[in-house]
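>>> Structure of the sequence below:
(2 chains)
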Protein chains: 2
Amino acid sequence: MSTSTEMSTETRTPSTAVATSEFDRDTAVTLREPGVYDADLSAGWTIIQAVNGGYLLALLGRALGDHLPHPDPFTISAHYLTPSVPGPAVIRTETVRTGRSLSTGQASLFQYAEDGTEVERIRVLASYGDLDALPDDVRTTAAPPAMAAIENCFSAADNPAPRIPGSSAIAERLDLRLDPSCVGWAVGAPSGKGEMRAWFGLADGREPDALSLLLTVDALPPTSFELGLKGWTPTVELTTHVRCRPAPGPLRVAITTRNLAGGFLEEDAEVWDSAGRLVAQSRQLARAPRD
Amino acid sequence: MSTSTEMSTETRTPSTAVATSEFDRDTAVTLREPGVYDADLSAGWTIIQAVNGGYLLALLGRALGDHLPHPDPFTISAHYLTPSVPGPAVIRTETVRTGRSLSTGQASLFQYAEDGTEVERIRVLASYGDLDALPDDVRTTAAPPAMAAIENCFSAADNPAPRIPGSSAIAERLDLRLDPSCVGWAVGAPSGKGEMRAWFGLADGREPDALSLLLTVDALPPTSFELGLKGWTPTVELTTHVRCRPAPGPLRVAITTRNLAGGFLEEDAEVWDSAGRLVAQSRQLARAPRD
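You can find the predicted model right below:
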């Protein structure tokens, strides 16, 4: 009987591991001591050599959601300090204020220099609440982005495929389908408009939630590609509002840049769920590519 | 001679005070010790009893600009914790990272409880740079807001005047001229559109700069007034990007709310200078009025 129980446990363990999505596995954090979480930045969410900023935000968001009394990021502002690399990291969180419907926290993600000292990569300030506690009222004038049907959009598997220059491990984790109007850059004919639109899902079928939206807002190719600029657009700051718990199914993401000036640009993202709700809005300030 | 010098000094002092603008006087901070600044929240920037959030942001922005090696806020994210009241305050700043072209800092504004303990009002995270060091390139598709000529817009001195319910000391400090399309709320006929547009200046003629833009983005009546909601819209978080040093002259400010849902709304602000440059973009998440 004892053996049988052990067998059963052993059988369940790998089964549970398989059931865990890539996103949840790779954004897992382990409580080291109150407010301090160990994490491991996965190489699976890199573009060229850089760890994706949305993936990093989701890691910090998970730690804060564990630390604060409220579960969901309502607004989270991230300032990116130094480039993150795959490998060990530590997240230090702080409760700034707790209230009845909102609590505010701060978190920093550090990695380790060769001598073991901590190097800060990102710092975030966030106000958390409970999306399930919100009333159902919606008075929106925002309309979902005009996008081709998902079957008429382009995935990384298509040929000729829109390709991000260099390697892109993250492409295998995402089910990204770019709207035909925004793929000119991939064949050397950028539209000249600062727009990027795509259907977004996780490749392993994991459904969206408030946390994965933090990845979604920073997962598309940069709008600067369609402006004819090929270089990198490092994020200085990214603020995301999560406005509604997303329904299951593919998300529509529209990103717009209106003002490329003085060596910087903004990227405004909207995320719409399958039920037609605007579930997240974000804006980032990024450095414009040099070329 | 000594008496004469004293006289002269006494004469100069009020003269200097007159030359200093209300905005600069009321956002002055005094270094107490490295990183710590004393301030006094003026009752001159209140709406009803609340100290204006943009004025508070400018105070924090001034302290950070003094503390960090770079002078101008490129992106500043503020999370509002508890309501501020006129009176003494202390601002504690921290350098997060310094780089060649950008430095990142954090600052908190505290006031004092009756027992003398510090109560945190606002916390900000900001990346500073030097606007004068930016290249002149502009590739913008953004267009200035459609607005009536300044002489056809409405100021608080006009009759029938658009009036903020309750007292509004800040109205005397600002030269705000609301576009005729956005004043329906003041006569009981809101447009139903989440838009507010105005010409903005400081009443004493002080010209705009990077710091005063932090006030400008949060100085108009809330868009919710034009949506027919009369209550207060307390800011949860406000992030501002300053993109260009503004030219002298009146600014055009356009604020848009597209998504009022679940008891919250976003306010997107754009600020254009007299030279036709988009000088600031901001977005805030605020609680929707209850009524």
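
>>> tell me the phi and psi of the closest residue to A:P208 other than its chain neighbours?
Nearest in space to A:P208, with sequence neighbours left out and distances taken as CB to CB, 6 or more residues apart in numbering or on different chains, is A:P246 at 4.2 Å. No exception for glycine: its C-beta is placed from N, CA and C like everyone else's. With angles defined as degrees, to the nearest 10, A:P246 shows backbone torsions of phi -70, psi 140.

>>> how much space between A:P246 and B:D40?
In this view, A:P246 and B:D40 are 46 Å apart by CB to CB, to the nearest Å.

>>> Look at these two and report which has more neighbours.
Per other CB atoms under 10 Å in any protein chain shown, whichever of A:P246 and B:D40 has more neighbours is A:P246, with 24 against 15.

>>> What segments of chain A are helices?
Using DSSP state H, the helices of chain A run over A:2-19, A:22-26, A:53-67, A:170-173, A:210-216, A:223-226.

>>> Give me the distance from the fifth one to the chain's centre.
Pointing back at helix A:210-216 there. The chain centre lies 5 Å from the centre of helix A:210-216; the measure is CA atoms, centre = their mean, to the nearest Å.

>>> could you give the mean pLDDT of it?
Averaging pLDDT along helix A:210-216 gives 98.

>>> quick one: the residue sitting nearest the centre point of chain A from B:E151, how far?
Nearest to the geometric centre of chain A sits A:L215, at 1.0 Å (CA atoms, centre = their mean). Separation of A:L215 from B:E151 (CB to CB): 50 Å.

>>> What of A:T216?
Going from A:T216 to B:E151 by CB to CB gives 47 Å.

>>> quick one, which of the two is more surrounded?
Neighbours were counted for A:T216 and for B:E151 using other CB under 10 Å; A:T216 has more, 26 against 7.

>>> in terms of contact, does the more buried one touch A:G54 like I think?
Yes - A:T216 is in contact with A:G54 according to CB atoms under 8 Å; the separation is 6.8 Å.

>>> Can you tell me the closest non-neighbouring residue to A:Y55?
Among residues not flanking A:Y55 along the chain, A:W45 sits closest, at 3.9 Å (CB to CB, 6+ apart).

>>> Which positions in the stretch 51-200 of chain A make contact with chain B?
Counting by CB under 8 Å from any CB of the partner chain, the stretch 51-200 of chain A comes close to chain B at A:74-75, A:77, A:79, A:81-82, A:96-97, A:102, A:104, A:106, A:120, A:123-127, A:131, A:134-142, A:193-194.

>>> switch to 7 Å and redo it
A:74-75, A:77, A:79, A:81, A:96-97, A:102, A:104, A:120, A:123, A:125, A:127, A:134-135, A:137-142, A:194 (CB under 7 Å from any CB of the partner chain).

>>> and A:E22, what does it touch?
A:G44, A:R173, A:D204 (CB atoms under 7 Å, 6 or more residues apart in numbering or on different chains).

>>> redo that, cut-off 6 Å
A:R173, A:D204 (CB atoms under 6 Å, 6 or more residues apart in numbering or on different chains).

>>> likewise A:D72?
Contact partners of A:D72, counting by CB under 6 Å, 6+ apart, are A:G129, A:L131, A:A210.

>>> mind listing the strands for the stretch 151-291 of chain A?
For the stretch 151-291 of chain A, the strands defined by DSSP state E, counting those that start in this stretch cover A:174-178, A:195-202, A:235-242, A:251-256, A:259-261, A:264-272, A:278-287.

>>> who wins for proximity to B:V36 among those strands?
With respect to B:V36, and counting by CB to CB, the nearest of these is strand A:235-242 at 24.9 Å.

>>> The closest one pairs with which strands, and in what direction?
The strands beside strand A:235-242 in its sheet (DSSP bridges) come out as strand A:72-80 (antiparallel), strand A:278-287 (antiparallel).

>>> among those, which is the most enclosed?
Comparing the strands paired with strand A:235-242 by mean neighbour count (mean count of other CB atoms under 10 Å in any protein chain shown), strand A:72-80 ranks first with a mean of 27.

>>> Any idea how far it is from the middle of the chain?
With CA atoms, centre = their mean, you get 11 Å for strand A:72-80.

>>> Dump that strand to PDB, restricted to CA.
What follows is strand A:72-80, C-alpha atoms only, in PDB (Å, rounded to 0.1, in the frame of the first residue of the first chain):
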ATOM      1  CA  ASP A  72      -3.600  41.500 -10.100                       C
ATOM      2  CA  PRO A  73      -1.400  44.200 -11.600                       C
ATOM      3  CA  PHE A  74      -3.700  47.200 -12.300                       C
ATOM      4  CA  THR A  75      -0.900  49.500 -13.300                       C
ATOM      5  CA  ILE A  76       2.800  48.500 -13.300                       C
ATOM      6  CA  SER A  77       5.600  50.900 -14.300                       C
ATOM      7  CA  ALA A  78       9.000  49.400 -15.200                       C
ATOM      8  CA  HIS A  79      12.200  51.300 -15.700                       C
ATOM      9  CA  TYR A  80      14.900  49.100 -17.500                       C
END
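
>>> who's in contact with the residue in the stretch 101-250 of chain A that chain B sits nearest to?
At 3.6 Å from chain B, A:L134 is the closest residue in the stretch 101-250 of chain A, using CB to the nearest CB. By CB under 6 Å, 6+ apart, the residues touching A:L134 are B:G262, B:G263.
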